[in-house]
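In: give me a 3D structure for the following:
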Amino acid sequence: VAAAGTEEGKAAAEASRGVVLGMPPEAVNGRNTLLGAAVVVETARVAGHGSTLLVVVRAGKLLKNQAIVCNSVAGKIRRLMTSDGKESLEEAPPGVPTRLSIAWDDRKSAG
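Out: From the prediction side, this is the model:
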């Protein structure tokens with residue numbers, strides 16, 4: 001897990017208690033189209049991948065470069081991998097444990 005005092009560490013800690021909601025890029029401009037929802041199982045910092053979330057998609061699907069919101073933090077999916085992080089995936093379908101490499105937004109959350 002990322003160092004607790006860093007922005008990445010704070011984002012990972014917040015994400016560890018939540019549900020990932022995946023949205024298309026235009027969603028950040030006011031359109032609220034949900035493409036996927038997943039439960040966070042684990043957060044970890046993985047060498048070569050940075051901040052990661054192990055998730056299980058419950059509805060829809062998650063895709064590379066998709067914008068996400070998890071509790072009060074936002075970011076973007078950089079890479080989707082198998083749960084062990086050894087193989088890349090094109091998408092995360094429902095029911096499949098998937099590791100997401102995340103680029104957290106450095107903007108402060110509203111609220």
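
In: so what's I102 up against?
Out: Counting by C-beta atoms under 8 Å, 6 or more residues apart in numbering, I102 makes contact with A11, A15, G50, S51, T52, L53, I68, G75, K76, I77, R78. C-beta coordinates here come from the backbone N, C-alpha and C atoms, glycine included.

In: all strands of the protein, in order?
Out: 19-23, 36-46, 50-60, 62-63, 67-70, 73-82, 88-89, 91-92, 97-104 (DSSP state E).

In: if we can go back for a sec, between the contacts of I102, which sits nearest G60?
Out: Using C-beta to C-beta, I68 is the member of the contacts of I102 that lies nearest G60, at 12.1 Å.

In: from K86, how far off is that closest one?
Out: 22 Å (C-beta to C-beta, to the nearest Å).

In: and the two? Which one has more around it.
Out: The residue with more neighbours, out of I68 and K86, is I68; 26 against 8, by other C-beta atoms under 10 Å.

In: wait, the more buried one touches L80, no?
Out: No: if you go by C-beta atoms under 8 Å, I68 and L80 don't touch, sitting 11.6 Å apart.

In: low pLDDT regions in this protein?
Out: Within the chain, the set of residues satisfying pLDDT under 70 comprises 1-21, 23-34, 106-111.

In: now do 90
Out: Scanning the chain for pLDDT under 90 picks out the ranges 1-51, 59-61, 65-75, 85, 104-111.

In: contacts only, for A59.
Out: A59 neighbours (C-beta under 8 Å, 6+ apart): G36, A37, P94.

In: name the nearest residue to A37, sequence neighbours excluded.
Out: A59 (4.7 Å; C-beta to C-beta, 6 or more residues apart in numbering).
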